[in-house]
Every structure is written in C-alpha cells, then in structure tokens.
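> Fold the following.
(2 chains)
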Number of protein chains: 2
Amino acid sequence: MKRERVFRVFLDGLRPGPVRVTGDAAHHLVQVLRCRPGQTVIAFDGEGLEAEGTVTETGPGHASLELGEPRPGSGEAALTVTVAVALLKGDKLRDVVRQGTELGAAAFRPFISRHADVRQLSPNRLGRLRRVAQEAARQSGRAVVPPVHEAVTTAELTDTLRGQTVIYADPLAEQTLAAAVPGTDGEVTVLTGPEGGFSEGEISLFQESGFQGVWLGTRILRAETAPPALLSALLLPEAL
Amino acid sequence: MKRERVFRVFLDGLRPGPVRVTGDAAHHLVQVLRCRPGQTVIAFDGEGLEAEGTVTETGPGHASLELGEPRPGSGEAALTVTVAVALLKGDKLRDVVRQGTELGAAAFRPFISRHADVRQLSPNRLGRLRRVAQEAARQSGRAVVPPVHEAVTTAELTDTLRGQTVIYADPLAEQTLAAAVPGTDGEVTVLTGPEGGFSEGEISLFQESGFQGVWLGTRILRAETAPPALLSALLLPEAL
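Numbers count the residues shown, from 1 in each chain, chains lettered A, B, ... in the order given. Predicted coordinates:
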C-alpha cells in the first residue's frame, strides 16, 4: 500500500479552522512542494504541536488551509539518539547542531574534552546554538526542538551516562556500528571527540564506564563530520 | 582477535627507506595520534599509493619513519557509492564534495536540475571542487581522490546511469534505503536534488529509467545534507 504524500508546513501558533499562509511557508508549500487544493498537509509549530489540514486554495505567495485540532506531534525517530559532542572551534558546533537536528538527534550534550582547544561554552554561544536547533527543527519539519545542554567536563558527562548505551568511534574497536546498535528503537548516545581526538585517559574512562567503541572503517572523519555521520548511519537505513 | 592499530599519515612522494616527517603530518602523528617508536604506520600520497612503515623516532614537531615499497592503496569502501548531486547555491557543493570525500564517495557527478537556481559549473569552480576532493582525500587518509565530473543535464545524467543501481529520496516511496541497497559490495549511485527539490518531470524520468525511490523518514533534509547522510547510511554501519 502506497503511503499518501503528506507535506509538512511550519506555522507559528496553531489553531483549528481556516488559516492563510504567506511568506516562506507559502513559498515552500506552493512553489517548492507544488501543493494544490485538496492536498492533505501537516502543520507544525516547532514546539511539539501538529495539526492535520487540507489545502483549500493556492496562489502566488499564499495558500489557504483548513486545519484540524492541534495535537502533540510525532515525526520523531523510534531510536532516540543523543549526541554528546566535544566543544569544537569556530562555527563547527553550530553546523553539528543544525545538521544533527535535521537528521533527528534527540538532544545535544556538549562537553569539554581533554584535547579540545575550546574550554567553555558561553551563555551567549549556548543561546545561539539553541536558536539554531529551533530553526533547524522547523525547517526539517520536526514537531519538537532537541535541547542543547550546558557544557560539562568529560568526567561529569561520563557520570551522567554510566549504565546507558553509549558508543564512540575507536580505530582499535572490533565491532561495527551495526553490531553495537542492532535495534531500531530504544536509546543510544553517540560520543564524538574534538579536533585532536580523545586522550588516552578519556578512552580508559569510557571503557571503564561500559561505553562501546565502534570501528567506522579506515577513513578518518573530521570532528564535525562524525556526529551527523553517526546519526545518518543509525536513523536513515530503516527510515526511523 | 584485536585489529592492530594502524595510523595513516600523508606524505608527498613516497619512496622506500628512511624518511623524516615534519609540519602538519608530524603534528598529527606525534601530538594527535601519539605515535611512538615501534608503531606501524601506513603512509599515503593521496594519489593512489601507500607504503607500510615503522616509526623509528619521534620528537616535538618531527618523526622518523622507515618505509617499505610503495604499492597501490586500499582504504576504499567495498561498496562503491557515486554521488550524483544537483548544482547548489554558494559554497554548498564544496561542502558536499569535502564531506562526501571524507565519507568515502567514489566519484561526484554534478548535474543541472530543473529547479536549481545554479545553471552552470564554471571551469574555475570545477577546478576548486577537484582541489577540495584532493585535500579531503589526504586528510581522511584515502589513497585515491574521487573524480569530480563536469556538470551535465538531468537527461544526460539519466542516460549515463540507465541500467545501473540508482537511488533517490522520495517521500512517496515505500522501500527503505536498507531494502533498496542490501549488499555490502557492488556499485550504487545516490541522486540528490537542488534546494527546490526535483521536478515532477525529473521524478518521472527517474522512474522510467528504473531508478529506485527510497523513503528516508519524515524529516526533511536540506539539499546539502542529503549526500553525506546517504553516504554515511550506506558505508558506516558495516564500516565498509
């Protein structure tokens, strides 16, 4: 049976009944997705609510919808993936949060790794990262915005995660990602390091805490590539 | 049995015998990877050759190696993934080539999609993309640089790929990526669209050509996120 094509559109403030859409949302719906009257859509507010609706009219730069009752949104992956990412230089953390949100990360836990050049996450920068997550959730059609936590040390992070399913890339590991995370639901945290890699002390700490090293192949991934790559590898093959 | 940890180091011009490494390569080897005398390394030239060697001495900012005979390199994925990517605005194509090379793309085939704002790939821009692929191959430790082909139209691309295994993201598709590409070797091309998505005519052309639509989940990926995400999903789970 064919899934019905359902388009998602971001609307600020959902309420049942007729609504006129303009601006970027209308452009996306009418020009990009080529939505026409009669089409079923899901409107989402980027804060956890969705409403099913029907397109009643379209024109250049606008569309009219008839919306149903807003309800808590879905669109979240069946496998909950938290990204614990070391502080990175420049705008790299912003890119990780944007791409990670788009790909379905459930939350971000920045941490201060031993070999990281960046030693703190200022309130301003944290605020910016949270706005990036909000904007990326809207753009990607997610009903919920993944939280970006305050930065902690590697030791604090490890304490928080002990006993949970945690994986990190390790060229010495024997098992693959598919072997380490065989399920399509549950929860997993992916731990990724800074530009300079993890220290030996950190790797020992991870091992003592029961975290699982995984082998990702012979190619060396940059610090900012690893988080979106791991999310993609976990969520995309089965469209979770 | 534990795999031996083998570090990869980029060297311009490989020859057997003793070699002194300085600069970035030495920093990476000594400071980042913390290589010590006795360690086995693989030196690669980014042009297809590799040489196995041993670290004989290390110090701040330098390392000495004893290299064996150079030979054609491996380090390439068992599953050959070509990325056919629509021309994108600004620097996005550069990011796709950089991340794609890092993640193991075998080649890039840019094409001019119906809804793309960018209608040509100038010789200058193509030259820059090829340099980005070269640099990313070096950084990620690949022995070969994936070629970046000249841009063609969607129709020309489709003619070239007819009869091959080709997948593209389609919210109407029923099968998942894992179902469409079940193998861990062979060849596949992933087709990704421009910011405005594929046109209906293009989707029809793909279907007539036997290309397979795959469903990636409910989240909407940006044009520049889709190529690295598909590469990650195909190559990382089994560390191909």
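
> buried residues in the top strand by length along chain A?
Using DSSP state E to define each element, chain A has its longest strand at strand A:49-59. Taking 16 or more other CB atoms under 10 Å in any protein chain shown as the neighbour-count basis, strand A:49-59 is seen to contain the buried residues A:49, A:50, A:51, A:53, A:55, A:58. For every residue, glycine as well, the C-beta is placed using N, CA and C.

> got it, and stretch A:8-20?
Under the neighbour-count criterion of 16+ other CB under 10 Å, stretch A:8-20 has A:8, A:9, A:10, A:11, A:14, A:19 buried.

> which residues in chain A form helices?
A:23-27, A:92-103, A:123-140, A:154-161, A:177-180, A:200-208, A:226-235 (DSSP state H).

> Residue ranges of each domain in chain A, please.
With automatic domain parsing serving as the domain definition, the record reports that chain A contains domains spanning A:7-72, A:79-235.

> Identify whichever of those lies nearest to chain B.
Ranking these by their distance to chain B (criterion: CB to the nearest CB) puts domain A:79-235 first, at 3.7 Å.

> distance between the ends of that closest one?
Using CA to CA, to the nearest Å, the end-to-end distance of domain A:79-235 comes out at 7 Å.

> and it with chain B, contact?
Yes. Judged by CB under 8 Å from any CB of the partner chain, domain A:79-235 comes into contact with chain B at A:99, A:102-104, A:115, A:139-142, A:171-172, A:174, A:176-178, A:196-197, A:200, A:214-222, A:225, A:228-230, A:232-235.

> and the residues you listed, which are buried?
Under a neighbour-count criterion of 16+ other CB under 10 Å, the subset of the residues of domain A:79-235 next to chain B counted as buried comprises A:99, A:102-104, A:139-142, A:171, A:176-177, A:196-197, A:214-222, A:225, A:228-230, A:232-235.

> nearest to residue B:93, of the helices of chain A?
Residue B:93 lies closest, by CB to CB, to one member of the helices of chain A: helix A:92-103, at 16.0 Å.

> Give the other helices and strands that the closest one contacts.
In terms of contacts (3 or more CB pairs under 8 Å, 6 or more residues apart in numbering or on different chains; DSSP states H and E), helix A:92-103 is packed against strand A:79-86, strand A:107-112, helix A:123-140, helix A:226-235.

> now the last one: mean pLDDT?
On average, the pLDDT along helix A:226-235 is 97.

> Pull the number of nearby residues for the nearest residue to residue A:163 once chain neighbours are set aside.
Distance criterion CB to CB, 6 or more residues apart in numbering or on different chains; nearest residue to residue A:163, sequence neighbours excluded, is residue A:210 at 7.2 Å. Taking other CB atoms under 10 Å in any protein chain shown as the criterion, the count of residues near residue A:210 is 12.

> Hmm, residue A:57 and residue A:26 touching each other?
No. The pair residue A:26 / residue A:57 is not scored as a contact, 11.1 Å apart, by CB atoms under 8 Å.

> Let me have the domains of chain A in CSV, extended by distance to residue B:157.
Listed next are those as CSV, based on distance: least, CB to CB, whole Å:
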stretch, distance to residue B:157
domain A:7-72, 21
domain A:79-235, 24
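
> Can you say which of these is packed in most?
Of the domains of chain A, the one with the most neighbours on average (mean count of other CB atoms under 10 Å in any protein chain shown) is domain A:79-235, at a mean of 20.

> rewinding a little: between residue A:26 and residue A:57, which contacts overlap?
Residues touching both residue A:26 and residue A:57 (CB atoms under 8 Å, 6 or more residues apart in numbering or on different chains): residue A:63.

> ok, now how distant is the nearest residue to residue A:79 once chain neighbours are set aside from residue B:7?
On the basis of CB to CB, 6+ apart, the spatially nearest residue to residue A:79 that is not a chain neighbour turns out to be residue A:240, at 5.0 Å. Spatial separation of residue A:240 from residue B:7 under the definition CB to CB, to the nearest Å is 34 Å.

> Could you do residue A:140 as well?
According to CB to CB, residue A:140 stands 37 Å off from residue B:7.

> Might you list the low-confidence residue ranges for chain A?
Chain A contains residues with pLDDT under 70 at A:1-6, A:74-75.

> I'd guessed the residue nearest to residue A:163 sits against residue A:165; true?
No. Counting by CB under 8 Å, residue A:210 stays clear of residue A:165, with 9.0 Å between them.

> end-to-end on stretch A:217-230?
Terminal residues of stretch A:217-230 lie 12 Å apart, using CA to CA.

> brain fart, stretch A:210-226
Between the opening and closing residues of stretch A:210-226 there is a gap of 21 Å (CA to CA).

> centre of the chain versus that stretch, how much separation?
For stretch A:210-226, the distance between its averaged C-alpha position and the chain's averaged C-alpha position is 18 Å (CA atoms, centre = their mean, to the nearest Å).

> residues in contact with the residue nearest to residue A:150 when sequence neighbours are not counted?
In space, not counting the residues next to it along the chain, residue A:150 is nearest to residue A:126; the distance is 6.4 Å by CB to CB, 6+ apart. Going by CB under 8 Å, 6+ apart, residue A:126 touches A:148, A:150, A:151.

> what do you get for residue A:195?
Residue A:195 makes contacts with A:88, A:89, A:115, A:116, A:117, A:222, A:223, as judged by CB under 8 Å, 6+ apart.

> Same question for residue A:39.
Contacts were defined as CB under 8 Å, 6+ apart; by that measure residue A:39 touches A:7, A:54, A:55.
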